[in-house]
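Colleague: Take a look and give me a structure for this.
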Amino acid sequence: MDAYDFIVVGAGSSGAVLASRLSEDPSVRVLLLEAGPPDRSFWIHLPVGYGKTMWSKTYNWCFHTDPDPNMNGRRIYWPRGKTLGGSSSINGLIYIRGQREDFDRWAAAGNPGWSFEEVLPYFIRSEANQRGADPWHGADGPLAVSDIGARHPLIEGFIAGAAEIGVPRTEDFNGPRQEGAGYFQLTTRAGLRCSTAKAYLKPARQRDNLRIETQAQATGLVLEGRRATGVRYRQSGLDKIAHSRAEVILCAGAIQSPQLLQLSGIGPADLLQSRGVPVVHALEGVGGNLQDHLQMRLIYESTRPTTNDDMNSWWGQARVGLQWLFTRSGPLAVGINQGGCFMRALPDESATPDIQFHVATLSADMAGGKVHPFSGFTLSVCQLRPQSRGHIRIRSNDPFETPEMQPNYLSTDLDRRTAVAAVKSARAIAQSRAMQPLVRREVKPGPEAGDDAALLEFCRNNGATIFHPSGTCAMGRDPAQGAVVDARLRVHGMAGLRVVDCSVMPTLVSGNTNAAAIMMAEKAADMIRQDTAA
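Modeller: Modelled structure (predicted):
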């Protein structure tokens, strides 16, 4: 079986969905290639386990950006999933779709079919929401979406504090209105993670027409002129080729989808020539338009015990472990970030929320890091629609060399002003009447960061990714304007080749990207079936 109708490269948030949906047709053969191993680790399936997989070189690519001059030359750690389920197997489990306006903006920019009203059915199709079906949610889809359940004093204090500065409480960030403060819903079921591998691949694995190859890293495309006819990959030290009769679909993510295109001779001509790659198709936008959500983590010491205290004592670890084991509840069942908030840090410049909070009932120097020795909690805040643009570029023609990753965080005036305003918003909530009984002191940025210049320097020295790189194979009408794929996600100027993952987002969605990546794959499956039947 080295010839298939469809070859899907990458079994992550989009690829697992797409392989499952395409293989529902028993008349086609589908090959799914995943560079990482199967998702067998206990830490993948335990919701709080991403504190472990965040650093695992087995299940995580463990990328670092190039030194960013806007971040005082720092290299930012970029974890990305490397297993079945991809980043949906190691992420923070938060189910957020984005704003209606995000998708309407895609459609208005020349991408028909991507307005909110047109993508909402695919969000609903994917979802098995604990709350049941309504006009905004689905109950019969593969992806479990659950409430956190138990209320937490810190989250309740945060929600009340947000209300004091004019942000209302909300019960649903994915309903008619995103703005508000409340509890997140998570992609969990019965206290276990529901990745796309579990939701989509597990029920599809027994199909005779779906073949899943793990530890099979794609190294390039097989091309006949400007038509993709297969994929080269390395598995167990052997170089192999798989052939496609219909399409090759890249779902390798915002870093590796453009990398594979560039390695195959599709990308900026000057870059390819300088890296020793023959130019097959000059497509300037490949690897450009890189966007990410930059988060600032404000750390507070609490007057009351937090999850730090559980993690710092053997008795606390045993207690929460037994709670999860016998009731599938407690801190281990809900991940790290329980509460959130969408609000406008610059209300005179944005009609919809421009920042997002992730509120954790523990504190560490970075996401997934060792918790602090004191009772602590974290207010993490990010700008939702950054103007800054970076790039992904191969360094050579070696497919195993990590590409250049330059996010160019905080490279525009709006982004710098929003970052400072976001930190001020966090402080305003922490200093509210509702929060004051819970706050002993601000650890970071600390009282010494008293003016805008000091706060911006705090952002440069401490800002980090919230794990949403996107945009590097942007969807659009005109390749001359940087578009890489058209509205049906076909690579401009190529045949038999699509990209389906967060790299095709022309602009970032206003929130976590996993739900949107799943939606895009659901929609792409329909488009592929329509196009191949035509």
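
Colleague: When you work out contacts or count neighbours from here on, use the C-alpha atoms and nothing else.
Modeller: Will do.

Colleague: ok, which stretches of the stretch 51-200 of the chain are strands?
Modeller: With DSSP state E, counting those that start in this stretch, the ranges of strands along the stretch 51-200 of the chain come out as 63-64, 77-78, 127-129, 143-147, 180-183, 185-186, 188-189, 192-193.

Colleague: make that the stretch 251-400 of the chain, sorry
Modeller: 266-267, 281-282, 294-302, 337-343, 355-360, 376-383, 391-393.

Colleague: correct me, but residue 212 touches residue 33?
Modeller: Yes: using CA atoms under 8 Å, residue 212 makes contact with residue 33 at a distance of 6.2 Å.

Colleague: Of these two, give the one with the bigger neighbour count.
Modeller: The neighbour count for residue 212 versus residue 33, taken as other CA atoms under 10 Å, is higher for residue 33 (30 against 18).

Colleague: wait, doesn't the more buried one sit right on residue 219?
Modeller: No: in this structure, residue 33 is not within contact of residue 219 by CA under 8 Å, at 11.2 Å.

Colleague: helices or strands next to the helix ranked longest in the chain in the packing?
Modeller: Of all the segments of type helix in the chain, defined by DSSP state H, the longest one is helix 514-533. In this structure, helix 514-533 packs against helix 15-22, helix 116-126, with contacts taken as 3 or more CA pairs under 8 Å, 6 or more residues apart in numbering; DSSP states H and E.

Colleague: Make a markdown table from those helices and add mean pLDDT and distance to residue 444 to it.
Modeller: A markdown table is the format used below for these (pLDDT from 0 to 100; distance: least, CA to CA, whole Å):
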| stretch | mean pLDDT | distance to residue 444 |
| --- | --- | --- |
| helix 15-22 | 98 | 39 |
| helix 116-126 | 98 | 37 |
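
Colleague: Format these as CSV; extra columns: distance to residue 410 and mean neighbour count.
Modeller: Listed next are these as CSV, based on distance: least, CA to CA, whole Å; neighbours: other CA atoms under 10 Å:
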stretch, distance to residue 410, mean neighbour count
helix 15-22, 31, 28
helix 116-126, 29, 19
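
Colleague: Next, format these as JSON lines and append distance to residue 313.
Modeller: Below are the helices and strands packed on helix 514-533 laid out as JSON lines (distance: least, CA to CA, whole Å):
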{"stretch": "helix 15-22", "distance to residue 313": "39"}
{"stretch": "helix 116-126", "distance to residue 313": "40"}
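
Colleague: Could you export the strands of the stretch 51-200 of the chain to JSON lines, including columns for distance to residue 200 and mean pLDDT?
Modeller: Listed next are those as JSON lines, based on distance: least, CA to CA, whole Å; pLDDT from 0 to 100:
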{"stretch": "strand 63-64", "distance to residue 200": "27", "mean pLDDT": "98"}
{"stretch": "strand 77-78", "distance to residue 200": "26", "mean pLDDT": "97"}
{"stretch": "strand 127-129", "distance to residue 200": "11", "mean pLDDT": "98"}
{"stretch": "strand 143-147", "distance to residue 200": "8", "mean pLDDT": "97"}
{"stretch": "strand 180-183", "distance to residue 200": "26", "mean pLDDT": "98"}
{"stretch": "strand 185-186", "distance to residue 200": "17", "mean pLDDT": "97"}
{"stretch": "strand 188-189", "distance to residue 200": "14", "mean pLDDT": "96"}
{"stretch": "strand 192-193", "distance to residue 200": "13", "mean pLDDT": "96"}
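
Colleague: and stretch 213-221, what's its mean pLDDT?
Modeller: For stretch 213-221, mean pLDDT rounds to 98.

Colleague: How far away from the center of its chain is it?
Modeller: Averaging C-alpha positions (CA atoms, centre = their mean, to the nearest Å) puts stretch 213-221 21 Å from its chain's average.

Colleague: Over to stretch 522-530?
Modeller: Here stretch 522-530 is found 21 Å from its chain centre; the criterion is CA atoms, centre = their mean.

Colleague: List the buried residues for it?
Modeller: The neighbour-count check on stretch 522-530 (16 or more other CA atoms under 10 Å) flags 522, 523, 524, 525, 528 as buried.

Colleague: how far away is the last one from residue 5?
Modeller: To tie it back to what came earlier, the one meant is residue 528. From residue 528 over to residue 5 the distance is 11 Å, taken as CA to CA, to the nearest Å.

Colleague: OK, contacts around residue 367?
Modeller: For residue 367, the contact set (CA atoms under 8 Å, 6 or more residues apart in numbering) comprises residue 51.

Colleague: As TSV, the strands of the stretch 51-200 of the chain with distance to residue 350 would be great.
Modeller: As requested, the strands of the stretch 51-200 of the chain are arranged in TSV below (distance: least, CA to CA, whole Å):
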stretch	distance to residue 350
strand 63-64	32
strand 77-78	29
strand 127-129	30
strand 143-147	29
strand 180-183	15
strand 185-186	25
strand 188-189	33
strand 192-193	35
